[in-house]
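Novice: here is my input; please provide its structure:
(2 chains)
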Amino acid sequence: DTGVSQNPRHKITKRGQNVTFRCDPISEHNRLYWYRQTLGQGPEFLTYFQNEAQLEKSRLLSDRFSAERPKGSFSTLEIQRTEQGDSAMYLCASRNEGNQPQHFGDGTRLSIL
Amino acid sequence: GDSVTQMEGPVTLSEEAFLTINCTYTATGYPSLFWYVQYPGEGLQLLLKATKADDKGSNKGFEATYRKETTSFHLEKGSVQVSDSAVYFCALRPPNDYKLSFGAGTTVTVRA
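Specialist: Numbering: from 1, shown residues only, chains lettered A, B, ... in the order given. Down below sits the predicted model:
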């Protein structure tokens, strides 16, 4: 069990640029989640995958956001035309079937200049 | 909708003091309840969980009991250490659902 891995750990970019984050879940986990955490707040749900199927997207996930999990393993989260308000920690979590807890990665911290 | 309210921080304690962080929730049915801990610069780690009323979760000296009658899941530790300094999040997962709803977090600082 190598844990959930997220890359990069930090991303600094100018407003208007596109960014892409990657999440590698624990290998046997078929469920994958993305959350966003702003300073001083708890994580907020963004989207959920079961295998390669994206089953739910939060209203927080505007049209500029897109997430994929093409082969049911790693996932990517892309933000197009970044805005100041996108600055946050983006967390990925995975879990197995049944009533199992989610395991979180260390997150990608996005800073928009 | 489902929500979690936890005690505002920051909380500052001396080593070996007793820690309590209050957490109450609003949900239909019987959600699963969790405490996660976040150390500086790291992601969230599961600390403990409870899946039904009167269950007690425990780990690393921390305990929390699922109280349906008061819709609470307060976190306690009898004797804290400097290494317990972190942000603590209470969370719930509704029955037949898969996403977590988190409280705002409570920052705990333990001084030697």
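
Novice: residues of chain A that sit close to chain B?
Specialist: A:4, A:6, A:31, A:33, A:35, A:40-45, A:48, A:56, A:91, A:93, A:99, A:101-107 (CB under 8 Å from any CB of the partner chain). The way it works is simple: take the backbone N, C-alpha and C, and place the C-beta from them, glycine included.

Novice: show me the shaky parts of chain A.
Specialist: Applying pLDDT under 70 to chain A flags the ranges A:1.

Novice: skipping adjacent residues, who's closest to the residue of it at minimum distance from chain B in space?
Specialist: In chain A, the residue that lies nearest chain B is A:Gly42 (3.1 Å; CB to the nearest CB). Using CB to CB, 6 or more residues apart in numbering or on different chains and skipping the chain neighbours, the partner closest in space to A:Gly42 is B:Phe102 (3.1 Å).

Novice: again, but for B:Pro10
Specialist: Here the residue nearest B:Pro10, using CB to CB, 6+ apart, is B:Thr107, at 4.2 Å.

Novice: how about A:Cys92?
Specialist: Sequence neighbours aside, A:Cys23 is the residue nearest to A:Cys92 in space, at 3.4 Å (criterion: CB to CB, 6+ apart).

Novice: same check on B:Leu46?
Specialist: B:Leu46 sits nearest to A:Pro101 (CB to CB, 6+ apart), 4.9 Å away.

Novice: quick one: end-to-end distance for stretch B:11-23.
Specialist: Terminal residues of stretch B:11-23 are spaced 14 Å apart (CA to CA, to the nearest Å).

Novice: again with stretch A:63-79
Specialist: Length of stretch A:63-79, first residue to last, CA to CA: 9 Å.

Novice: again, but for stretch B:52-71
Specialist: 12 Å.

Novice: who touches that stretch?
Specialist: Residues external to stretch B:52-71 that are found in contact with it (CB atoms under 8 Å, 6 or more residues apart in numbering or on different chains): B:23-27, B:30, B:33, B:35, B:47-51, B:73-79.

Novice: and if we set it to 6 Å?
Specialist: Outside of stretch B:52-71, the residues within contact range by CB atoms under 6 Å, 6 or more residues apart in numbering or on different chains are B:Thr24, B:Tyr25, B:Leu33, B:Trp35, B:Leu47, B:Leu48, B:Lys49, B:Ala50, B:Phe73, B:Leu75, B:Glu76, B:Lys77.

Novice: in the sheet, who's paired with the residue nearest to the spatial centre of chain A?
Specialist: Per CA atoms, centre = their mean, the C-alpha nearest to the average position across chain A is that of A:Trp34, at 3.5 Å. Beta bridges link A:Trp34 to A:Thr47, A:Cys92, judged by DSSP bridges.

Novice: residues contacting it?
Specialist: Applying CB under 6 Å, 6+ apart to A:Trp34 gives the contacts A:Leu46, A:Thr47, A:Ala67, A:Leu77, A:Cys92.

Novice: distance of B:Ser72 from chain A?
Specialist: 17 Å (CB to the nearest CB, to the nearest Å).

Novice: and what of B:His74?
Specialist: 17 Å.

Novice: so what pLDDT did the one residue in chain B that gets nearest to chain A get?
Specialist: Nearest residue of chain B to chain A, counting by CB to the nearest CB: B:Phe102, 3.1 Å away. Model confidence at B:Phe102, given as pLDDT, is 96.

Novice: narrow the residues of chain A next to chain B to just the buried residues.
Specialist: A:4, A:6, A:31, A:33, A:35, A:42-45, A:48, A:91, A:93, A:101-107 (16 or more other CB atoms under 10 Å in any protein chain shown).
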